[in-house]
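S.K.: Show me how the following folds:
(6 chains, ligands or ions: 3)
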Amino acid sequence: MIEGADNAWLMMSSALVLLMTLPALGFFYAGLVQAKNVLSVFAQCVAMAGVASLIWFVAGYSLAFGGTAPFIGDLHELFLSALTRGAVHPGTHVSETAFIMFQMTFAVITPALIIGAYVERIRFAAVLMFSVLWLLIVYVPVVHWVWGGGWLETRGVLDFAGGLVVHVTAGVSALVVAWQLGPRRGFPEHVQPPHAPWMVVAGAAMLWVGWFGFNAGSALSSGGDAAMAMLATHLAAATATLVWIVIEWVKFGKPSLIGAVTGTIAGLATITPASGYVGPEGAVLLGLFGGSVCYVAVLVVKRGLKIDDSLDVLGVHGVGGALGTLLLPFAAVMGAGGLPSALHGGVDAQFLIQLLGVGIVSIWSAAASYGIVKLTDAVVGLRVSRDDEIQGLDFASHGESAYHGA
Amino acid sequence: MIEGADNAWLMMSSALVLLMTLPALGFFYAGLVQAKNVLSVFAQCVAMAGVASLIWFVAGYSLAFGGTAPFIGDLHELFLSALTRGAVHPGTHVSETAFIMFQMTFAVITPALIIGAYVERIRFAAVLMFSVLWLLIVYVPVVHWVWGGGWLETRGVLDFAGGLVVHVTAGVSALVVAWQLGPRRGFPEHVQPPHAPWMVVAGAAMLWVGWFGFNAGSALSSGGDAAMAMLATHLAAATATLVWIVIEWVKFGKPSLIGAVTGTIAGLATITPASGYVGPEGAVLLGLFGGSVCYVAVLVVKRGLKIDDSLDVLGVHGVGGALGTLLLPFAAVMGAGGLPSALHGGVDAQFLIQLLGVGIVSIWSAAASYGIVKLTDAVVGLRVSRDDEIQGLDFASHGESAYHGA
Amino acid sequence: MIEGADNAWLMMSSALVLLMTLPALGFFYAGLVQAKNVLSVFAQCVAMAGVASLIWFVAGYSLAFGGTAPFIGDLHELFLSALTRGAVHPGTHVSETAFIMFQMTFAVITPALIIGAYVERIRFAAVLMFSVLWLLIVYVPVVHWVWGGGWLETRGVLDFAGGLVVHVTAGVSALVVAWQLGPRRGFPEHVQPPHAPWMVVAGAAMLWVGWFGFNAGSALSSGGDAAMAMLATHLAAATATLVWIVIEWVKFGKPSLIGAVTGTIAGLATITPASGYVGPEGAVLLGLFGGSVCYVAVLVVKRGLKIDDSLDVLGVHGVGGALGTLLLPFAAVMGAGGLPSALHGGVDAQFLIQLLGVGIVSIWSAAASYGIVKLTDAVVGLRVSRDDEIQGLDFASHGESAYHGA
Amino acid sequence: MKFIIAIIQPHRLEAVREALQAIQINGMTVTEVRGYGRQGGHKEIYRGAEYAISFVPKLKLEIAVAENRVEEVVTTISSAARTGHVGDGKIFLLDLENVMRVRTGEADEAAL
Amino acid sequence: MKFIIAIIQPHRLEAVREALQAIQINGMTVTEVRGYGRQGGHKEIYRGAEYAISFVPKLKLEIAVAENRVEEVVTTISSAARTGHVGDGKIFLLDLENVMRVRTGEADEAAL
Amino acid sequence: MKFIIAIIQPHRLEAVREALQAIQINGMTVTEVRGYGRQGGHKEIYRGAEYAISFVPKLKLEIAVAENRVEEVVTTISSAARTGHVGDGKIFLLDLENVMRVRTGEADEAAL
Ligand SMILES: Nc1ncnc2c1ncn2[C@@H]1O[C@H](COP(=O)(O)OP(=O)(O)O)[C@@H](O)[C@H]1O
Ligand SMILES: Nc1ncnc2c1ncn2[C@@H]1O[C@H](COP(=O)(O)OP(=O)(O)O)[C@@H](O)[C@H]1O
Ligand SMILES: Nc1ncnc2c1ncn2[C@@H]1O[C@H](COP(=O)(O)OP(=O)(O)O)[C@@H](O)[C@H]1O
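M.R.: Ligands and ions are numbered 1, 2, ... in the order given. This next block holds a predicted model:
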């Protein structure tokens, strides 16, 4: 039976998750690039909302949530043509329509996160082709494995709201794309500072708010579990924000605003997989780790690997998501608010299962993304010309400019 | 009886619909104008929120939803002075308070849509006078006819969330105002490009999110019907976005961002009247038509009619709303998710009824708006002086400037 | 028992209230300062979200809502370590988790409001130290007195959503901080105009929307009372917006946009304490008073007291909150929608109680804030150097600049 | 050669550009500036108080021209820019010793 | 006549404007520019890494003055703009051949 | 002394700055400007219609140099700024009568 309250909360959460892509992620990423590439970032986000939604409608949802075969769903729900208004999503009290909608917003934001890796130099056609293939080959199968009754779910992997499904897949794939695409002109010595930090913080703020839908919505109900997930999400974000402020303050004598909100996002990515299994104390712990580990990860990718994952998708999302997935068992047993009963065979056993999940999902994301990038390059070409890169994608790819003389 | 879940969803939807005007529509329109008229657009939106809400409070709600006389409501609910906290809206499980609030946000956004027709040259006093009269003479009666038990509802006209009531009334009236007001200096050869496309896309993104409240909120309940309306809304928007991208890509070799989000809005306007009666497939169909027909309509108004409906209120909203109203019967019978049972006497019969609705509402909107514009011109004057237009309305009408040297 | 609908509404309201701080208040305040101090305002808001949330987690919630001693709560809920997922907040049908979350967003925004008093010249370390102490010494006790079963609640003081608890505490403390900190260079003759009015209106718009969560969420349920609170909130905001527009129009011949939205905020602050006790007519009355009295108050503080409460925290929030608290009894008896039964001993008796509340809370806020400011000055220093003030806090305190050449 | 610096009202740019194009002057550089002069500034209202903005937005055009065209160009600019109101701007004439086209290295009038 | 170009610290604008007004110099044109000089730039932090900003914000004032007032004006500007820190800026003096007021067509010193 | 005004493509700024630094020219002032010239503008699409943008973004560099370094500086700028495309810009050479360092009051070449 459909419970109106659960359904209302899931619809609201869907609105919040769409807000995360449009405009929040658009703001967040667009503020970090140069003024000549602002619109291209937004265009990529908008196009992603279009493309991913249609993929989801045509086949994505069916392949992800149709049936419980171990590796991939079935084709019974192509074009959602058999969907009725009264259908209830199995095991919940929400309507199937609401569930599809909610999941569709996840299918939009996940490939959109990868945008951060390829900004300022990719061809628009490559964005579209890569994203379509990536959704079908990486995202949809992983959703099926972890949430759709597939083999990782059977093994007991826990991922409440997408640490693996969303952040690890996007983060790892981002690194592969950035590596194949090559760095932006001038990387790393002459990279330009973010052209509009105010835009970054506006985006981060709306991501924070939207994340309540992402995590607490994943409870698929509107009771105490959802609210605990929201509380945990908020506390992890708050903690990681302060962690990053403190690190920069100590290290540079000045805490930067972009640093602070990067901490916020790191904390949010880290709590995501665990948000339904921890209480307030576990959440703060995850915030502490999320803030500090991602800080180091960002530097390692840039300076160690020398890969221009331009807006740190791996360092923030990939590492955060993996970290939260791995720490989940430990955090779940802290305080009365945790959910130790969700662990399969105790903390250590669950940790090994989680490790398996992170390993498999990372490898699959990396390998498949590599193939997709190569194919995309062969078919439409990955990178714009040097002239277009210098001129900026706003005009080169979209024929517009972001700012017309204030 | 008030159902908490339905009520919660309706309150949330009200918040989303207010967000559509403030700040979404403000951003959308302000980004499209020149830098010297940015604040005037926002001021018009803010003032509209004030004025329309008070009109609604004083008499609008009573005249729209009081009683079921064929042409206009009654005066029993003036000043909402008899409204009790426990009152239930007839035929629903939401409180009368929530219903009034929800409808009030519609009364705010509908005249605000018309702003797009008269930006950059209208007197602020004319905006206020026109809007007050327009609400009472055009909007309120049409609401009564279509949703308040009036004669069009009796005839069986279907308009789930305002294709007729909101988009056709606003679009047609916009054309009349633009025509009477005359074009902006330099139209059409020397029209300036949108001064801040990033602002346009920020607005469009929030409109997309807010539209979930607009359409799914119109279900007045939080079950599977609302969620199906949300799903339909989202799919139509996604489809129309891609349609516009493809058209521009083919035609100009570059898809513009403003084009893409114009497609979004066209898709949203088109699905609006049908959103409660169609399933996913019907929604995609409406998105396809919405995107392509509105593309043509925008060009026809500008180049064919040579009327400076500056931000394309007719081409996008008017045409989209009418189109969705007319296609509704055909889309409702597609897939298991449609609601063919809502049609009166089958697809063809309903089509004729819808045609009647579009015709009547268009004629009434055009005729009444013409009279209101003439009266407004006579009383306060429509247009600012040439000097004020050159200087920009921000300073001329509000004594401010949008950007003080970054 | 947890009611899903009430809980969903409270979660949604929490999201809306967080949105009020991030990004709404950030936009609102950042737009009002000079371009060189934009990021510092956002950094203060972001840091506040971090700091206040952790304080709430560690001890704030326990001290505010633990037990019903007259003056301060107890320490049983430190670190929320005993919080269970199924716990119901006493006297409601919402989960304790949701209630804590909701209240946490209030603990974030209240000290964030004070930012408006000290922008453009305060040290970042002073912001943090002041806010931590202020939360523990001013905010938490007042919450306990008024909402946590403390002595003012026992006396019958009514404050639905924080007129006293939020706006009076913040407003009065703001004045004290501004006075101690001294004015900005050039105040009052050479104060620079707001650098980005569009940002101010974007913030105000989101504050308006978010305020629905603030006020209607405070019903802690999703029925007709919540919706009436929302309706009242909206009408007061709309009315006060128009009041400010009219005043400026008459006085200067041009209504400014910043004036209009200042009216909005004044109306919202004024309705806050009364929002759950009045109907539409009472709300409009409060809007009328809120708009006009705050207009005068702003001028009095700046010209009369000559204190540089830079963004008018006292004039708008403090005065609005106090006014609404005092007018509450009169407004509650207007129309069928009011709640006269909530008054203790009738209008006059309640008025005296309210007066006591305003007096006590003002005095406590002023006295305690004075001590905290003095201590903060002694420990970390209040004010940046003259050079840093000239250069701007964005670079001086955070090493960044808001705009990198569009 | 001469280097002409013209301060004009922002909304006259298109008119000036077209007038110059009509006499085959096809190069110029435009800067957004703020001017202070007899025109005075204006008052803006901020929360019920007025404050003075001393500077008004103007555009500065820089145009290098051959000696023999100077007069024609100055006249063209000034008539296209004139509205008759205080604040119409000024035209300054400086001596230009040399000019070079970066792309080709051409110098003197050939580089214009 | 001379054409004075002064590069100053942005926050000195009001002081300079007032000082010039005091000696009846009532016209100037201001441009936002970025300067590069001994002052050097500064470092900004971005996600844990520092990067260099070579240019610092400055204002450029352009003021046309009659020959006999040049010295006075230069002295006034330089003393109002001086803070004593590196980066205070420079004053450049160019020869101005002619000037014209667009509104009236007046030329030479009458146009100032 | 000479006052050099160079209009260049925005993305050549770093190259020019580095080239000048290499020959110990350590001062300049940069302005964002819009240029109009042979390069022509470009078309932007707006809701299915194209419209012309006549002006393209450029940077203007102003550099005061001692007489004996003029040639070297001009050559350095022009080779660092050259991409070979139309629109590479121009270098204008004006006579500079005097210069003063605000901070110290030094004048002439000592002030550069
Ligand atoms: N002495 C001057 N030096 C440089 N620019 C000037 C000077 N006087 C005026 N200007 C510029 O010319 C503009 C117009 O001058 P103004 O005195 O306001 O009007 P008008 O030229 O019509 O008398 C000013 O805004 C300023 O930019
Ligand atoms: N040779 C030059 N040509 C043009 N502008 C210069 C030159 N040298 C310095 N400037 C301008 O003057 C400003 C101040 O110069 P700087 O060397 O930093 O300090 P100071 O003048 O106090 O020695 C610079 O930021 C730049 O805008
Ligand atoms: N006569 C001129 N006076 C001032 N600036 C000019 C002039 N001609 C060109 N410019 C500037 O030089 C830039 C480049 O000139 P353009 O003719 O487009 O290319 P090129 O110099 O390669 O022939 C223009 O954008 C403009 O800013």
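
S.K.: What sits closest to residue 22 if chain neighbours are left out?
M.R.: Let's take chain A. residue B:205 (3.5 Å; Cβ to Cβ, 6 or more residues apart in numbering or on different chains). (Glycine included, C-beta is placed from N, CA and C.)

S.K.: my bad, the chain I had in mind was chain D
M.R.: Nearest one to residue D:22, counting by Cβ to Cβ, 6+ apart, is residue D:76 at 7.9 Å.

S.K.: pretty sure the one you found is touching residue D:21, no?
M.R.: No - in this structure, residue D:76 is not within contact of residue D:21 by Cβ atoms under 8 Å, at 10.0 Å.

S.K.: who has more neighbours, these two?
M.R.: residue D:76 (17 against 12; other Cβ atoms under 10 Å in any protein chain shown).

S.K.: ok, now how distant is that one from ligand 1?
M.R.: Per Cβ to the nearest ligand atom, to the nearest Å, residue D:76 is found 18 Å from ligand 1.

S.K.: Quick one: residues contacting the nearest residue to residue A:279 once chain neighbours are set aside.
M.R.: Leaving aside its sequence neighbours, residue A:279 sits nearest to residue A:337 (Cβ to Cβ, 6+ apart; 1.9 Å). Shown in contact with residue A:337 (Cβ atoms under 8 Å, 6 or more residues apart in numbering or on different chains): A:228, A:232, A:278-282, C:80-81, C:83-85, C:97.

S.K.: quick one: which of those is nearest ligand 2?
M.R.: For the contacts of residue A:337, the closest approach to ligand 2 (Cβ to the nearest ligand atom) belongs to residue A:232, at 50.5 Å.

S.K.: That closest one and residue A:274 touch, don't they?
M.R.: Yes - applying Cβ under 8 Å, one finds residue A:232 in contact with residue A:274, separated by 7.5 Å.

S.K.: Just give the closest residue to the residue of the stretch 51-200 of chain A found nearest ligand 3, not the sequence neighbours.
M.R.: Of all residues in the stretch 51-200 of chain A, residue A:185 sits closest to ligand 3, with a separation of 22.2 Å (Cβ to the nearest ligand atom). The shortest distance from residue A:185 to any residue other than its chain neighbours is 5.9 Å, reached at residue A:389 (Cβ to Cβ, 6+ apart).

S.K.: these two touch, right, that neighbour and residue A:122?
M.R.: No - at 9.7 Å, residue A:389 does not count as touching residue A:122 under the criterion of Cβ under 8 Å.

S.K.: Now for the two: what residues contact both?
M.R.: The contact lists of residue A:389 and residue A:122 share residue A:383, where a contact means Cβ under 8 Å, 6+ apart.

S.K.: between these two, who's got more neighbours?
M.R.: Here residue A:389 and residue A:122 are compared on neighbour count by other Cβ under 10 Å; more neighbours surround residue A:122, at 25 against 19.

S.K.: If you average pLDDT per helix and strand, which one of chain A comes out bottom?
M.R.: In chain A, no helix or strand scores lower on mean pLDDT, DSSP states H and E than helix A:386-391, which sits at a mean of 91.

S.K.: Let me know the next secondary structure element after it.
M.R.: Scanning forward in sequence from helix A:386-391 by DSSP states H and E, the next helix or strand is helix A:393-398.

S.K.: tell me the secondary structure for residue D:35?
M.R.: Of the three states, residue D:35 takes strand under DSSP: H, G, I helix; E, B strand; the rest coil.

S.K.: Spit out the residues that contact residue A:232 and residue A:274 alike.
M.R.: Common neighbours of residue A:232 and residue A:274, using Cβ under 8 Å, 6+ apart, are A:282, A:283, A:286.

S.K.: Could you tell me which residues of chain D lie near chain F?
M.R.: D:3, D:17, D:26-31, D:62, D:64, D:94-103, D:105, D:111 (Cβ under 8 Å from any Cβ of the partner chain).

S.K.: Take these and keep only those in helices.
M.R.: Taking DSSP state H, the ones among those that sit in helices are residue D:17.

S.K.: residue boundaries of the helices in the stretch 1-150 of chain A?
M.R.: Using DSSP state H, counting those that start in this stretch, the helices of the stretch 1-150 of chain A run over residues A:4-19, A:26-32, A:38-55, A:61-65, A:96-118, A:124-134, A:140-146.
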